[in-house]
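Chemist: pasting the structure only:
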């Protein structure tokens, strides 16, 4: 099976990809991943707190029924 180019111009990657990679964008994305990884546990704890607050508020409303057990939500890191 032969791959067909979906964009045209330039000659990189055997004429399958035009243009040059945006190095500054790649470096920026790498830094964003690094920062997100550093905050992963803190953000996960914050989301857990928000989820518990939200569910507690729902449980306090008359006529609202949660259609799943709270233990069935995906665990947060």
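Modeler: Yep, it's here. Keep in mind that this is a model prediction, so the values were computed, not measured.

Chemist: hey, where'd the helices end up in the chain?
Modeler: 12-15, 23-38, 40-60 (DSSP state H).

Chemist: Ok, which of those helices comes nearest residue 3?
Modeler: helix 12-15 (8.6 Å; CB to CB). In short, each C-beta sits where N, CA and C put it, glycine included.

Chemist: Which strands and helices lie in contact with the closest one?
Modeler: The elements that helix 12-15 packs onto, with contact taken as 3 or more CB pairs under 8 Å, 6 or more residues apart in numbering; DSSP states H and E, do not include any helix or strand.

Chemist: Adding mean pLDDT, write the helices of the chain out as JSON lines.
Modeler: Rendered in JSON lines, the data for those read as follows (pLDDT from 0 to 100):
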{"stretch": "helix 12-15", "mean pLDDT": "71"}
{"stretch": "helix 23-38", "mean pLDDT": "96"}
{"stretch": "helix 40-60", "mean pLDDT": "90"}
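
Chemist: would you turn the ones you listed into TSV with mean neighbour count and distance to residue 3?
Modeler: Converted to TSV, those look like this (neighbours: other CB atoms under 10 Å; distance: least, CB to CB, whole Å):
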stretch	mean neighbour count	distance to residue 3
helix 12-15	10	9
helix 23-38	10	23
helix 40-60	11	36
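
Chemist: could you dump those helices to JSON lines with distance to residue 67?
Modeler: Below are the helices of the chain laid out as JSON lines (distance: least, CB to CB, whole Å):
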{"stretch": "helix 12-15", "distance to residue 67": "49"}
{"stretch": "helix 23-38", "distance to residue 67": "32"}
{"stretch": "helix 40-60", "distance to residue 67": "11"}
